[in-house]
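# based on what follows, work out the 3D shape:
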Amino acid sequence: MRQRSRRFSRAKKAAALFATAALMSCSNSCSNGAANRQPDAQVPVVQIERPGNTKGREVEEPERRRLIPAFNLKVIDGPVPVRYCMDYSYDIEHHAKAHNLDPILVRAMIIVQSGFDSCAAAKVCRSGYDGHGCFQPGPGKDDGYDQGYDEMWDPSGTCSAKIVNSSSNPPDWRWLGLGIMQTLTPPHEFWPAKARSDGTDGAYVDIFRRSRIGKNLNLHPAKECSGEFNPFKADDSICLGTAILKAQLDLAYLEIDDLHSKGMLNWDSGDHAKNDDLAVYIAARSYEGSWHSSNRDTDGGVGSCPVAFSNGQCLTYGFFESWTINADYCQSDSGSTDEVRCTNGRPRMDPPEACYGYQDILNYAQDCFQPIVRTGNDIGERVLSAYYWLKNGCQM
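A predicted model of the protein is given here:
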């Protein structure tokens, strides 16, 4: 299909623009189920303005006005626990302001990443190990387990009881996400001499070097937060986490501009509400590593696309074809010189016809793309859901 091949070629060239190797963040395994916990306290609801065009999106309710998402999204239900609105207020406000971020967005990320547990650490199981409390690897090669740390320690000792290490060889699990805003960066005691202020190797540098992460991880952002960086210290974790989130948001807006310039999104480029929400969605998925990776099943089926495509390219190109290639397309021209476009009035191009006709990108992601992602867990939707839950439920 010549036309589609040209689009794919352009996508491959654009992929380099959105590479984020300098600020690596968690892989698919770093999020947990904190956003689904039952709320345990009620907070007064007030209207908090958000950047972008909110006209027509405020829903009047008795004694309050609620802000609704720009896309079809199920927002977490129930009152917001007080701790989600108030914990770590100084650190969140300070670091969010430094990066021109909405503090509510930072809190939403923390809810999904750790549930406000500064000792949170994500472990990924090896294939064949069905232990408790770790993320199961997907089919085929699992980058999370391959890159993780064999052991993990909190230099302060505060979280040591929660970071139990596997003694098997190979390890039953490896550590991947660390701290309240989960990242890949370990404590300074894991760092090599060239990264430490005292010029000597850390006590656990061998663990750092054994991980494939240690060969590529940029430690400068963590060093700028603290010379003795410790992800299990909330201030250090929030400092690094907000820097990564800001970088991913900036890249997300560039990507959205590029998609608009190619006519691949079905809303006006000036619709800031949709642009803002999609940017949060992309940034959240980039933060935990799934947007720019290709960690998905590639055996065809719903949402199939070239293996060389990143997950983000696969989703956005699939959505483009969903809302543009439809029954009208077949009726207007049932064939062409270089391809048979339709059979019995139905499109033949990938993704399969069951995923044609979607007008909402998050609906498309949930129904047509998430089934082929190995975790089956859409952190982008979870962060957006938590964001609106907090927006409407916290008095900041």
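
# quick one: the strands in the stretch 1-150 of the chain?
58-61, 64-67, 121-125 (DSSP state E, counting those that start in this stretch).

# low-confidence stretches in this protein?
1-65, 136-143, 297-304, 326-354, 370-376, 395-396 (pLDDT under 70).

# quick one, longest helix in it?
In the chain, taking DSSP state H as the definition, the longest helix is helix 234-261.

# list the buried residues of that helix.
234-249, 251-252, 255-256, 258-260 (16 or more other Cβ atoms under 10 Å). For the C-beta atoms, the positions are set from N, CA and C on the backbone; glycine is no exception.

# could you point out which element follows that helix?
Going down the chain from helix 234-261, the next helix or strand is helix 272-287, by DSSP states H and E.

# could you give the angle of that next one to helix 234-261?
Angle between the axes of helix 272-287 and helix 234-261 is 120 degrees (criterion: axes from the mean of the first three to the mean of the last three Cα atoms, to 10 degrees).

# packing partners for helix 272-287?
helix 103-114, helix 234-261, helix 311-324, helix 379-393 (3 or more Cβ pairs under 8 Å, 6 or more residues apart in numbering; DSSP states H and E).

# got the end-to-end distance for stretch 68-88?
Length of stretch 68-88, first residue to last, Cα to Cα, to the nearest Å: 26 Å.

# from residue 321, how far off is the closest residue in space to residue 367 that isn't next to it in sequence?
The shortest distance from residue 367 to any non-neighbouring residue, by Cβ to Cβ, 6 or more residues apart in numbering, is to residue 355 (6.9 Å). According to Cβ to Cβ, to the nearest Å, residue 355 stands 9 Å off from residue 321.

# quick one, helices of the stretch 1-150 of the chain?
2-15, 82-86, 89-98, 103-114, 143-147 (DSSP state H, counting those that start in this stretch).

# neighbouring contacts of the third one?
Taking contacts as Cβ atoms under 8 Å, 6 or more residues apart in numbering, the residues outside helix 89-98 that touch it are 101-103, 105-107, 110, 234-235, 238-239, 241-242.

# give me that answer again for 6 Å
103, 106, 234, 235, 238, 239, 242 (Cβ atoms under 6 Å, 6 or more residues apart in numbering).

# can you tell me which of the residues you listed is closest to residue 76?
residue 106 (16.7 Å; Cβ to Cβ).

# any idea how far that closest one is from residue 209?
32 Å.
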